[in-house]
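Novice: structure for this input, please:
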Amino acid sequence: MESRTIGDRSVSAIGLGGMPLSIEGRPDRERSIATVHAALDAGVTLIDTADAYHRDAGEVGHNEELIAEALRSWGGDTSSVLVATKGGHLRPGDGSWTQDGRPEHLKAAAKASAQRLGVEAIGLYQFHRPDPSVPYAESVGALVELLDEGVIQQAGISNADVAQIDEANAVLGGRLASVQNQFSPAFRSSLGELQHCAELGVAFLPWSPLGGIARAAEVGTAHAAFGRVAESHGVSPQQVTLAWELSLAPVVVPIPGASRPTSIQDSAGAVALELTADELAELSDH
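Specialist: Reported below is the predicted structural model:
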(Lines give C-alpha, C1' and ligand atoms only; values in the text may rest on other atoms or scores of the structure.)
Protein backbone atom coordinates (compact mmCIF):
# COMPACT_ATOMS: atom_id res chain seq x y z
CA MET A 1 0.00 0.00 0.00
CA GLU A 2 1.11 3.56 -0.71
CA SER A 3 2.78 5.13 2.31
CA ARG A 4 2.68 8.58 3.86
CA THR A 5 4.60 10.13 6.71
CA ILE A 6 3.67 11.10 10.24
CA GLY A 7 6.64 12.80 11.84
CA ASP A 8 9.49 10.37 11.33
CA ARG A 9 7.26 7.33 10.76
CA SER A 10 6.12 5.92 7.44
CA VAL A 11 2.53 4.64 7.56
CA SER A 12 -0.11 3.39 5.16
CA ALA A 13 -2.06 6.13 3.36
CA ILE A 14 -5.28 4.83 4.91
CA GLY A 15 -5.54 4.14 8.65
CA LEU A 16 -8.12 2.40 10.80
CA GLY A 17 -10.23 4.37 13.25
CA GLY A 18 -10.94 2.10 16.18
CA MET A 19 -13.79 4.00 17.86
CA PRO A 20 -16.73 2.00 16.34
CA LEU A 21 -15.30 -1.16 17.89
CA SER A 22 -15.80 0.14 21.42
CA ILE A 23 -18.69 2.61 21.70
CA GLU A 24 -22.47 2.20 21.46
CA GLY A 25 -23.51 -0.39 18.89
CA ARG A 26 -20.10 -2.04 18.98
CA PRO A 27 -19.68 -5.55 17.56
CA ASP A 28 -18.73 -8.53 19.67
CA ARG A 29 -15.07 -8.99 20.53
CA GLU A 30 -14.51 -11.72 17.95
CA ARG A 31 -15.69 -9.52 15.08
CA SER A 32 -13.78 -6.55 16.46
CA ILE A 33 -10.53 -8.51 16.48
CA ALA A 34 -11.29 -9.82 12.99
CA THR A 35 -11.78 -6.24 11.78
CA VAL A 36 -8.36 -5.18 13.05
CA HIS A 37 -6.79 -8.29 11.55
CA ALA A 38 -8.45 -7.53 8.20
CA ALA A 39 -6.95 -4.03 8.30
CA LEU A 40 -3.49 -5.44 8.96
CA ASP A 41 -3.96 -8.03 6.21
CA ALA A 42 -4.82 -5.19 3.81
CA GLY A 43 -1.57 -3.40 4.62
CA VAL A 44 -2.91 -0.83 7.07
CA THR A 45 -0.12 0.27 9.40
CA LEU A 46 -1.83 3.15 11.25
CA ILE A 47 -4.43 2.42 13.91
CA ASP A 48 -6.13 5.26 15.75
CA THR A 49 -7.54 4.87 19.23
CA ALA A 50 -8.09 6.83 22.47
CA ASP A 51 -8.59 6.13 26.15
CA ALA A 52 -12.08 7.66 25.79
CA TYR A 53 -13.19 5.12 23.18
CA HIS A 54 -15.43 3.06 25.43
CA ARG A 55 -19.13 2.70 26.12
CA ASP A 56 -19.64 2.21 29.83
CA ALA A 57 -18.29 3.79 32.97
CA GLY A 58 -15.42 1.78 34.39
CA GLU A 59 -14.04 0.62 31.04
CA VAL A 60 -11.72 3.49 30.17
CA GLY A 61 -9.22 2.29 27.58
CA HIS A 62 -11.52 -0.43 26.19
CA ASN A 63 -10.42 0.27 22.62
CA GLU A 64 -6.74 0.49 23.50
CA GLU A 65 -6.88 -2.94 25.16
CA LEU A 66 -8.78 -4.32 22.17
CA ILE A 67 -6.20 -3.00 19.70
CA ALA A 68 -3.37 -4.40 21.80
CA GLU A 69 -5.04 -7.83 21.89
CA ALA A 70 -5.59 -7.77 18.12
CA LEU A 71 -1.96 -6.90 17.44
CA ARG A 72 -0.73 -9.67 19.76
CA SER A 73 -2.97 -12.27 18.11
CA TRP A 74 -2.26 -11.36 14.49
CA GLY A 75 0.07 -13.76 12.74
CA GLY A 76 2.25 -11.19 10.97
CA ASP A 77 4.97 -8.72 11.86
CA THR A 78 3.53 -5.67 13.62
CA SER A 79 6.80 -3.77 14.04
CA SER A 80 5.79 -1.27 11.33
CA VAL A 81 2.36 -0.57 12.83
CA LEU A 82 1.93 2.87 14.40
CA VAL A 83 -0.73 2.98 17.10
CA ALA A 84 -1.90 6.52 17.73
CA THR A 85 -3.84 7.19 20.89
CA LYS A 86 -5.24 10.28 22.57
CA GLY A 87 -5.94 11.76 25.99
CA GLY A 88 -7.79 14.72 27.43
CA HIS A 89 -11.31 13.73 26.39
CA LEU A 90 -13.48 11.73 28.80
CA ARG A 91 -16.71 9.73 28.67
CA PRO A 92 -18.37 9.47 32.08
CA GLY A 93 -20.42 6.49 30.86
CA ASP A 94 -23.70 8.29 30.22
CA GLY A 95 -23.02 8.97 26.55
CA SER A 96 -21.66 12.47 27.15
CA TRP A 97 -18.15 13.79 26.51
CA THR A 98 -16.12 16.05 28.79
CA GLN A 99 -12.59 17.49 28.72
CA ASP A 100 -9.64 17.40 31.07
CA GLY A 101 -6.61 19.16 29.65
CA ARG A 102 -4.73 19.56 32.91
CA PRO A 103 -1.07 18.61 32.45
CA GLU A 104 -1.16 16.26 35.42
CA HIS A 105 -4.14 14.42 33.92
CA LEU A 106 -2.56 14.12 30.47
CA LYS A 107 0.71 12.80 31.85
CA ALA A 108 -1.06 10.19 33.98
CA ALA A 109 -3.39 9.27 31.12
CA ALA A 110 -0.51 8.75 28.69
CA LYS A 111 1.27 6.43 31.08
CA ALA A 112 -1.95 4.45 31.61
CA SER A 113 -2.46 4.23 27.84
CA ALA A 114 1.08 2.93 27.36
CA GLN A 115 0.40 0.23 29.91
CA ARG A 116 -2.85 -0.82 28.25
CA LEU A 117 -1.18 -0.88 24.84
CA GLY A 118 1.68 -2.91 26.24
CA VAL A 119 4.40 -0.58 24.98
CA GLU A 120 7.34 1.18 26.59
CA ALA A 121 6.63 4.33 24.57
CA ILE A 122 3.50 5.33 22.66
CA GLY A 123 4.22 5.82 18.96
CA LEU A 124 1.95 8.87 18.59
CA TYR A 125 0.09 10.58 21.42
CA GLN A 126 -2.41 13.33 20.67
CA PHE A 127 -4.13 15.88 22.87
CA HIS A 128 -7.73 14.91 22.14
CA ARG A 129 -9.66 18.16 22.51
CA PRO A 130 -8.95 21.64 23.92
CA ASP A 131 -10.14 22.18 27.47
CA PRO A 132 -11.57 25.71 27.80
CA SER A 133 -10.65 25.74 31.51
CA VAL A 134 -6.93 25.14 30.87
CA PRO A 135 -4.58 27.36 28.82
CA TYR A 136 -3.81 25.52 25.60
CA ALA A 137 -0.06 25.97 25.96
CA GLU A 138 -0.17 24.28 29.37
CA SER A 139 -1.93 21.22 27.96
CA VAL A 140 0.49 20.95 25.06
CA GLY A 141 3.34 21.49 27.50
CA ALA A 142 2.45 18.13 29.01
CA LEU A 143 3.22 16.55 25.63
CA VAL A 144 6.66 18.16 25.72
CA GLU A 145 7.33 16.56 29.09
CA LEU A 146 6.06 13.19 27.84
CA LEU A 147 8.37 13.43 24.82
CA ASP A 148 11.34 14.39 26.93
CA GLU A 149 10.63 11.58 29.41
CA GLY A 150 10.34 9.01 26.62
CA VAL A 151 6.75 8.10 27.46
CA ILE A 152 5.73 9.01 23.91
CA GLN A 153 7.72 9.05 20.68
CA GLN A 154 5.70 11.67 18.78
CA ALA A 155 3.11 14.28 19.72
CA GLY A 156 -0.02 15.51 17.98
CA ILE A 157 -3.22 17.43 18.60
CA SER A 158 -6.85 16.92 17.67
CA ASN A 159 -9.85 19.19 17.09
CA ALA A 160 -7.61 22.22 16.69
CA ASP A 161 -7.89 25.43 14.68
CA VAL A 162 -5.07 27.12 12.76
CA ALA A 163 -4.02 29.30 15.70
CA GLN A 164 -3.87 26.27 18.00
CA ILE A 165 -1.84 24.35 15.43
CA ASP A 166 0.73 27.13 15.37
CA GLU A 167 0.70 27.48 19.15
CA ALA A 168 1.16 23.74 19.66
CA ASN A 169 3.98 23.58 17.14
CA ALA A 170 5.72 26.48 18.88
CA VAL A 171 5.36 24.92 22.33
CA LEU A 172 6.66 21.63 20.93
CA GLY A 173 9.64 23.37 19.35
CA GLY A 174 8.61 22.41 15.84
CA ARG A 175 7.97 18.79 16.79
CA LEU A 176 4.22 18.69 16.06
CA ALA A 177 3.69 15.45 14.13
CA SER A 178 -0.05 15.39 13.46
CA VAL A 179 -3.38 17.16 13.57
CA GLN A 180 -6.53 15.05 13.76
CA ASN A 181 -9.67 16.99 12.82
CA GLN A 182 -13.08 16.11 11.49
CA PHE A 183 -13.20 16.32 7.69
CA SER A 184 -15.51 14.74 5.11
CA PRO A 185 -17.72 15.69 2.15
CA ALA A 186 -20.33 16.78 4.71
CA PHE A 187 -17.86 18.61 6.97
CA ARG A 188 -15.33 20.70 5.08
CA SER A 189 -14.81 23.52 7.57
CA SER A 190 -11.42 22.03 8.49
CA LEU A 191 -10.09 22.56 4.96
CA GLY A 192 -8.12 25.57 6.18
CA GLU A 193 -6.45 23.46 8.86
CA LEU A 194 -5.72 20.75 6.28
CA GLN A 195 -4.07 23.27 3.97
CA HIS A 196 -2.12 24.79 6.85
CA CYS A 197 -0.81 21.36 7.82
CA ALA A 198 0.26 20.82 4.21
CA GLU A 199 2.25 24.07 4.34
CA LEU A 200 3.91 22.99 7.59
CA GLY A 201 4.52 19.40 6.53
CA VAL A 202 2.43 18.14 9.46
CA ALA A 203 0.27 15.05 8.95
CA PHE A 204 -3.48 15.75 8.80
CA LEU A 205 -5.65 12.83 9.93
CA PRO A 206 -9.33 13.32 9.01
CA TRP A 207 -11.60 11.67 11.54
CA SER A 208 -15.05 10.57 10.38
CA PRO A 209 -13.76 10.94 6.79
CA LEU A 210 -16.90 9.25 5.45
CA GLY A 211 -19.26 11.43 7.46
CA GLY A 212 -19.48 9.49 10.70
CA ILE A 213 -20.79 6.12 11.81
CA ALA A 214 -24.43 6.91 11.09
CA ARG A 215 -23.82 8.55 7.69
CA ALA A 216 -20.95 6.64 6.12
CA ALA A 217 -23.27 4.26 4.26
CA GLU A 218 -25.11 7.18 2.68
CA VAL A 219 -22.16 9.21 1.38
CA GLY A 220 -22.97 8.33 -2.24
CA THR A 221 -26.58 9.41 -2.01
CA ALA A 222 -26.12 12.40 0.29
CA HIS A 223 -23.39 13.69 -2.02
CA ALA A 224 -24.46 12.76 -5.53
CA ALA A 225 -21.17 13.55 -7.23
CA PHE A 226 -19.40 10.92 -5.16
CA GLY A 227 -22.05 8.38 -6.14
CA ARG A 228 -21.72 9.24 -9.84
CA VAL A 229 -17.93 8.96 -9.83
CA ALA A 230 -18.11 5.69 -7.91
CA GLU A 231 -20.52 4.22 -10.44
CA SER A 232 -18.26 5.19 -13.34
CA HIS A 233 -15.32 3.39 -11.72
CA GLY A 234 -17.29 0.41 -10.45
CA VAL A 235 -16.25 1.03 -6.86
CA SER A 236 -17.96 2.17 -3.68
CA PRO A 237 -18.67 5.84 -2.94
CA GLN A 238 -16.64 5.33 0.23
CA GLN A 239 -13.55 4.49 -1.83
CA VAL A 240 -14.09 7.57 -3.97
CA THR A 241 -14.44 9.74 -0.86
CA LEU A 242 -11.17 8.52 0.62
CA ALA A 243 -9.34 8.79 -2.71
CA TRP A 244 -10.56 12.39 -3.04
CA GLU A 245 -9.29 13.22 0.46
CA LEU A 246 -5.92 11.66 -0.31
CA SER A 247 -5.66 13.90 -3.38
CA LEU A 248 -6.03 17.10 -1.35
CA ALA A 249 -2.49 17.04 0.05
CA PRO A 250 0.33 14.53 0.56
CA VAL A 251 0.04 15.00 4.33
CA VAL A 252 -3.54 13.63 4.47
CA VAL A 253 -4.03 10.20 6.07
CA PRO A 254 -7.76 9.42 6.49
CA ILE A 255 -8.71 7.13 9.36
CA PRO A 256 -12.12 5.63 8.51
CA GLY A 257 -13.78 3.71 11.29
CA ALA A 258 -14.93 0.16 10.70
CA SER A 259 -16.90 -2.42 12.63
CA ARG A 260 -16.57 -5.31 10.17
CA PRO A 261 -13.69 -6.69 8.09
CA THR A 262 -15.30 -5.93 4.72
CA SER A 263 -15.56 -2.22 5.54
CA ILE A 264 -11.87 -1.64 6.16
CA GLN A 265 -10.92 -3.88 3.23
CA ASP A 266 -13.02 -1.69 0.95
CA SER A 267 -11.56 1.50 2.43
CA ALA A 268 -8.02 0.26 1.88
CA GLY A 269 -8.79 -0.05 -1.83
CA ALA A 270 -9.03 3.74 -2.09
CA VAL A 271 -5.24 3.99 -2.20
CA ALA A 272 -5.13 2.34 -5.63
CA LEU A 273 -8.08 4.29 -7.06
CA GLU A 274 -7.01 6.86 -9.65
CA LEU A 275 -9.42 9.73 -10.21
CA THR A 276 -9.11 12.18 -13.09
CA ALA A 277 -8.46 15.88 -12.59
CA ASP A 278 -12.00 16.63 -13.76
CA GLU A 279 -13.46 14.15 -11.30
CA LEU A 280 -11.43 15.60 -8.44
CA ALA A 281 -12.53 19.10 -9.36
CA GLU A 282 -16.17 18.00 -9.44
CA LEU A 283 -15.88 16.38 -6.02
CA SER A 284 -14.16 19.42 -4.54
CA ASP A 285 -16.82 21.74 -5.94
CA HIS A 286 -19.73 19.55 -4.83
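Novice: Ala109 contacts Thr85, correct?
Specialist: No - the pair Ala109 / Thr85 is not scored as a contact, 9.3 Å apart, by Cβ atoms under 8 Å. All C-beta atoms are positioned from the backbone trio N, CA, C, and that covers glycine.
Novice: how about the strands in the stretch 51-200 of the chain?
Specialist: Secondary structure of the stretch 51-200 of the chain by DSSP state E, counting those that start in this stretch: the strands cover 82-87, 89-90, 98-99, 124-127, 155-158, 176-180.
Novice: mean neighbour count added to the ones you listed, as JSON lines?
Specialist: What follows is the strands of the stretch 51-200 of the chain, written out as JSON lines (neighbours: other Cβ atoms under 10 Å):
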{"stretch": "strand 82-87", "mean neighbour count": "27"}
{"stretch": "strand 89-90", "mean neighbour count": "20"}
{"stretch": "strand 98-99", "mean neighbour count": "16"}
{"stretch": "strand 124-127", "mean neighbour count": "27"}
{"stretch": "strand 155-158", "mean neighbour count": "26"}
{"stretch": "strand 176-180", "mean neighbour count": "26"}
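Novice: ok, the lowest-mean-pLDDT helix or strand in the chain: who's next to it in the sheet?
Specialist: For the chain, counting by mean pLDDT, DSSP states H and E, strand 89-90 ranks last in confidence among helices and strands (a mean of 90). Sheet pairing of strand 89-90 (DSSP bridges) gives strand 98-99 (antiparallel).
Novice: so what's Met19 up against?
Specialist: Residues counted as contacts of Met19 (Cβ atoms under 8 Å, 6 or more residues apart in numbering) are Asp48, Thr49, Ala50, Tyr53, Asn63, Ile213, Gly257.
Novice: next: Asp278.
Specialist: Here Asp278 is in contact with no residue (Cβ under 8 Å, 6+ apart).
Novice: pLDDT wise, what is the residue in the chain sticking out farthest from the centre at?
Specialist: Distance from the C-alpha centroid of the chain, by Cα atoms, centre = their mean, peaks at Ser232 (29.0 Å). What the model reports for Ser232 is a pLDDT of 97.
Novice: tell me the first helix or strand C-terminal of the one helix or strand it maps to.
Specialist: Take DSSP states H and E as the rule and Ser232 turns out to sit in helix 224-233. Sequence-wise, the next helix or strand downstream of helix 224-233 (DSSP H and E) is helix 237-248.
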